[in-house]
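Asker: here are the coordinates; sequence isn't available:
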């Protein structure tokens, strides 16, 4: 809501979610100024003495700048001498332009020493790599090691300290001693009680030291060959996790990035195969969402929480191989890590996506040791938080988490504690104490002001459809991941309740018999219908448990910018090219883009090539009647199976039209440069990928879910029933 109802009764009668969607460390756009960093010394930031909110542009200055009135709780307080300043005839401080906290909605404060009970340091990044036979044969090991090798030169200055641990049925550590040529390999064979074999100083390479950097590069260059003869299918993933957590915790905290291609099946924390397709869609299915070895993982999480350690996992199993994402994602979800899943891993198809996913996870602007707080102005309170992570909550508005990334997004549900009808505005302020990559302890502060309304119609008029959809999607994913039934029906009920409330309170009395949609929420039934059709929300056996848990976890983490493309993919006609498509516009590197096509199979012509953009990947869809002459004139081949080789070959001599096609792909990627990389896939007729792509066409009938027009009629009928 961009205008907040003045009473709880008004808010409840709209049925629109009253929530805040927050992405506190989102990447800045190129045209945005950097977030200002404010250092006020040991006295720290200026704060309200009652509610502890931070000074912001909406404080009122009284007594010629000697007093301040808090916009959150209304307290009038005396200012310390160093913060006093004369005001002009409009009550504006003379130093307004010199104090970023009074001019900006987002600032970073340098935290005084007494804000934290630990001395921060540069975070460690530990790469824990499975080196089993399966990992080597699939190309997973080689791709992971090559990516880490490339990242050595891309870490921001100063780079983090980096540790490498490899594991199969034993653990392999690598020590980096200054002045020698090669890293020293140390084997730990005790996988029931694993330990860190030597000093963390030598196990965590300081990449600012040229000698350690050279050893690291040489190690990564030779690592695939080192395990080329590995024949074991036994992997001690639990032991590797425990040892890595101890290593990073002893180093002052940081990020562990684990790589799995097999189910960890030996040593402490070993998991068993438990996937049973017979329980899908039954009450027993909820047990598959719960982790195995919960006491072991809880012990690991306790260490992570206390020492500021986050764990992310990359799982790339072979075709039809179960890896138990529900268990492997348990620690990442509690520590602020990420979960990446590559089913049926193929290095040729998935290598690019894996490369960019690792790069973003390890290099992006993550912060550590986070304490998060949302403050509301008087009359409002926080009810609950929904996010990927399950934080150590102090109260509904405050939690601890080991790591937040630039993509970390959470939903905080609000409610009215008291009437706010005498207020013109309400205020919300996020404060997050964290350690940045330089080892500085900072406080990120966001402040938002929203107007209060006494008119119900204004609530609907100024709704934010992206935030509403994000909130409903994350709440449904949270219920599904908890094994709660009925979340799809709850989505439909929310849609009906909102439209019914708008009909009886705001719609014209002359519009009887019609489905009335608020202008700001006119796409809500479409998005709700699309959510119900998503594979993760389907009951049945067409989506395996690992894939479902990974997708639900991704739904909880997804930023607002990716939600709408995921719910309603954009479809562009690539071939035949329109007259201007792919040609420069004259503005920067931009090119003209073709018009979009309705997201329905009925609207896709059988002799064309389309590009489907769902915010996660780009898929070039070849329809079954594309002519070989068309392919030859544009791509220089007559068989559509050869097109990927041509377009993905940087040395290929492409035609002008083929370059125009790639220019449009690059344009989409540039537009989403602050979001995760979108790989380009090719979907051919009668391939295994074609049914998956067609399941994205959300206006069609999918998996017993209604066609969009039928769903609208169904919603209309339910609204009419409530009216009657």
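Answerer: The structure has been received and is ready for your questions. On a predicted model such as this, the values are computed, not experimentally measured, just so you know.
Asker: quick one: low-confidence ranges for the protein?
Answerer: Within the chain, the ranges that satisfy pLDDT under 70 run 120, 391-392, 508-514.
Asker: what's the longest strand in it?
Answerer: Among the segments of the chain that qualify as a strand by DSSP state E, the longest is strand 441-453.
Asker: Same question for it: list its buried residues.
Answerer: For strand 441-453, burial by neighbour count (16 or more other Cβ atoms under 10 Å) applies to 441-450, 452-453. (Glycine included, C-beta is placed from N, CA and C.)
Asker: for that strand, packing partners?
Answerer: Under the contact criterion of 3 or more Cβ pairs under 8 Å, 6 or more residues apart in numbering; DSSP states H and E, strand 441-453 touches strand 4-5, strand 106-110, strand 425-435.
Asker: So what are the sheet partners of the last one and their directions?
Answerer: Which is strand 425-435. Paired neighbours of strand 425-435 in the sheet (DSSP bridges): strand 367-376 (antiparallel), strand 441-453 (antiparallel).
Asker: Quick one: work out the angle between it and strand 106-110.
Answerer: Using axes from the mean of the first three to the mean of the last three Cα atoms, to 10 degrees, the inter-axis angle of strand 425-435 relative to strand 106-110 is 40 degrees.
Asker: how far is strand 425-435 from where the chain is centred?
Answerer: From the chain centre to the centre of strand 425-435 is a distance of 20 Å (Cα atoms, centre = their mean, to the nearest Å).
Asker: go on, stretch 476-483?
Answerer: Relative to the chain's own centre, stretch 476-483 is displaced by 17 Å; criterion: Cα atoms, centre = their mean.
Asker: List the buried residues in the longest helix anywhere in the chain.
Answerer: The helix that spans the most residues within the chain, counting by DSSP state H, is helix 487-505. Neighbour counts using 16+ other Cβ under 10 Å place 487-488, 491-492, 494-503 of helix 487-505 among the buried residues.
Asker: what's the next secondary structure element after the longest strand of the chain?
Answerer: Heading C-terminal from strand 441-453, the first helix or strand you meet, by DSSP states H and E, is helix 456-461.
Asker: Can you list the buried residues in that next one?
Answerer: By neighbour count on 16+ other Cβ under 10 Å, the buried set for helix 456-461 is 456, 458-461.
Asker: out of the residues you listed, who's nearest residue 108?
Answerer: residue 459 (33.4 Å; Cβ to Cβ).
Asker: thought the closest one was touching residue 14?
Answerer: Yes. In this structure residue 459 lies within contact range of residue 14 using Cβ atoms under 8 Å: 5.1 Å.
Asker: for the stretch 551-700 of the chain, what spans make up the helices?
Answerer: In the stretch 551-700 of the chain, the segments counted as helices under DSSP state H, counting those that start in this stretch are 560-567, 628-635, 643-647, 656-671, 689-694.
Asker: quick one: contacts of the last one?
Answerer: Contacting residues not belonging to helix 689-694 are listed as 601, 612, 619, 621, 681, 683-684, 700 [Cβ atoms under 8 Å, 6 or more residues apart in numbering].
Asker: would CSV of the helices of the stretch 551-700 of the chain with mean neighbour count be doable?
Answerer: Shown next, in CSV, are the helices of the stretch 551-700 of the chain (neighbours: other Cβ atoms under 10 Å):
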stretch, mean neighbour count
helix 560-567, 20
helix 628-635, 16
helix 643-647, 17
helix 656-671, 16
helix 689-694, 15
